[in-house]
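In: Need a 3D model of the following:
(2 chains)
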Amino acid sequence: MTQASSSAPKKMITDVFVEGARKGWNIGAMSTIPNVMMAFIIIKALNVTGALTALGALFQPLMVLVGLPGEGAAVLMGAIMSMGGAVGIVMGLFSEGILTGEHIAILAPAIYLMGSTIQYAGRILGVIGTRGSLYPILFGICIANGFMAMFVMNLLV
Amino acid sequence: MSATDDQKVTIGNYIALAFAVAFFSGLLQSNEWYGVFDFTTLNGTFGSIAGGMFRGTGGDGARDGFLFALTLVPTCMFALGMINVLEHFGALKAARKLLSPLLRPLMGLPGSSGLALIGSLQNTDTGAGLTKNLMEDGELTEKESEIFTAFQFSGGALIVNFFSSGAVLFTLTNADGSMAVPTSIGLTVGVMFIFKIIGANILRLILKAQDKKVNAQAKVA
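Out: A predicted model of the protein is given here:
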């Protein structure tokens, strides 16, 4: 990408910005909006059925170790499917008053460190041709990274 | 062509990188004049409509999700616009130059992985493709590629993913209008980057332990 931009005729800096902003628009329209909307629907469904409270109670003992309410587990589960979706879940729980700004600071790095791994197993491990026996270890490292980051963020905020 | 020194890195590139670090770190967040060099300050806030927020209050489900997601789009566009500009000025080239000599001590990887590493921060497919090429060219051994994969797999395409969805978390406000998240974008990116490196080293240790075990078994046999 950099090579292409340096060899092309001189672009106005504003054009370069607009080109990036257009990428942002495409991500926003094609990925963020559908993902966040889906996350809000999931939160609504979990709330209506009472599953969110149950999930919160179930994961409370684990999440309390990193300074989060049990419902924070919903964010991490969502993250494994999609980083953008997990951000939507965070927003939904923030709106409901279940997560505070401190909780979000703790969760933010973990969402990305363990995020989209289901998808990336094909796009990274599959493409590079990683040995199948390493898959569980690599998934484990992502989850461990997420928990270690939450632990550190809990100390920092 | 070596993957590390195919392009000259100029002082301007380093300035662009330093600017990128300062711009997203939150250090200059302020309504004073120097706030012009801060992402969150320039990202601004939504105004209120008849005393409420554009999104309204008390909504839920798909409709609330849609309106809320719409409020995320400007931040996403602004962040990727700025990243494109910083990339244009060679900030990532400078980052690669600075990182390459650190790869061996940090993760046991050759400096030639620098381009793939920077590529992987922007796009998972770029990172994976370049890594595959390095293996085919004999630049990476199998073990090195596995360690490198652990780095890429946790926090894949970190920069683009984080700035297109995570950065908006830092613009959330409490009911009283104060910033909700008590930390900066810069600190969060730093923590993620450190744990990506730690994750790679965990695999490095596991592979070393596995090797020892195999060698010990071979000796016994």
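In: Which of the three states applies to residue 70?
Out: As the question left the chain open, I've gone with chain A. Three-state assignment for A:G70 (DSSP: H, G, I helix; E, B strand; the rest coil): coil.
In: actually chain B
Out: Assignment for B:L70 (three-state DSSP): helix.
In: give me the low-pLDDT residue ranges for chain B?
Out: Low-confidence regions of chain B, defined by pLDDT under 70, span residues B:1-6, B:50-52.
In: And for chain A?
Out: Using pLDDT under 70, the flagged stretches of chain A are A:1-9.
In: quick check: longest helix of it.
Out: Assignment by DSSP state H gives helix A:135-156 as the longest helix of chain A.
In: show me what contacts A:A57?
Out: A:G70 (Cβ atoms under 8 Å, 6 or more residues apart in numbering or on different chains). Any C-beta I mention is one placed from the backbone N, CA and C, and that applies to glycine too.
In: and with 10 Å instead?
Out: Under the criterion of Cβ atoms under 10 Å, 6 or more residues apart in numbering or on different chains, the neighbours of A:A57 are A:G70, A:E71.
In: Could you measure from it over to A:L99?
Out: The gap separating A:A57 from A:L99 is 16 Å, by Cβ to Cβ, to the nearest Å.
In: do the same with B:M82
Out: B:M82 is 28 Å from A:L99, where distance means Cβ to Cβ.
In: Give me the more crowded residue out of those two.
Out: A:L99 (25 against 22; other Cβ atoms under 10 Å in any protein chain shown).
In: Now do the contacts for the residue nearest to A:R123 when sequence neighbours are not counted.
Out: Leaving aside its chain neighbours, A:R123 sits nearest to B:T124 (5.2 Å; criterion: Cβ to Cβ, 6 or more residues apart in numbering or on different chains). When the contact criterion is Cβ under 10 Å, 6+ apart, the partners of B:T124 are A:116, A:119-120, A:123-124, A:127, B:152-153, B:156-158, B:160-161.
In: Report the buried residues of stretch B:188-207.
Out: For stretch B:188-207, burial by neighbour count (16 or more other Cβ atoms under 10 Å in any protein chain shown) applies to B:188-189, B:191-193, B:195-204, B:206-207.
In: hmm, that stretch in reach of chain A?
Out: Yes. Counting by Cβ under 10 Å from any Cβ of the partner chain, contacts between stretch B:188-207 and chain A involve B:188-203, B:206-207.
In: OK, contacts around the most centrally placed residue in chain A?
Out: Centroid-nearest residue in chain A: A:M83, 2.8 Å away (criterion: Cα atoms, centre = their mean). Applying Cβ under 10 Å, 6+ apart to A:M83 gives the contacts A:31, A:35, A:111-117, A:119, B:155-158, B:161-162, B:164-166.
In: relative to helix A:135-156, how tilted is the helix ranked longest in chain B?
Out: Criterion DSSP H: the longest helix present in chain B is helix B:185-220. Helix B:185-220 and helix A:135-156 are oriented at 140 degrees to each other (axes from the mean of the first three to the mean of the last three Cα atoms, to 10 degrees).
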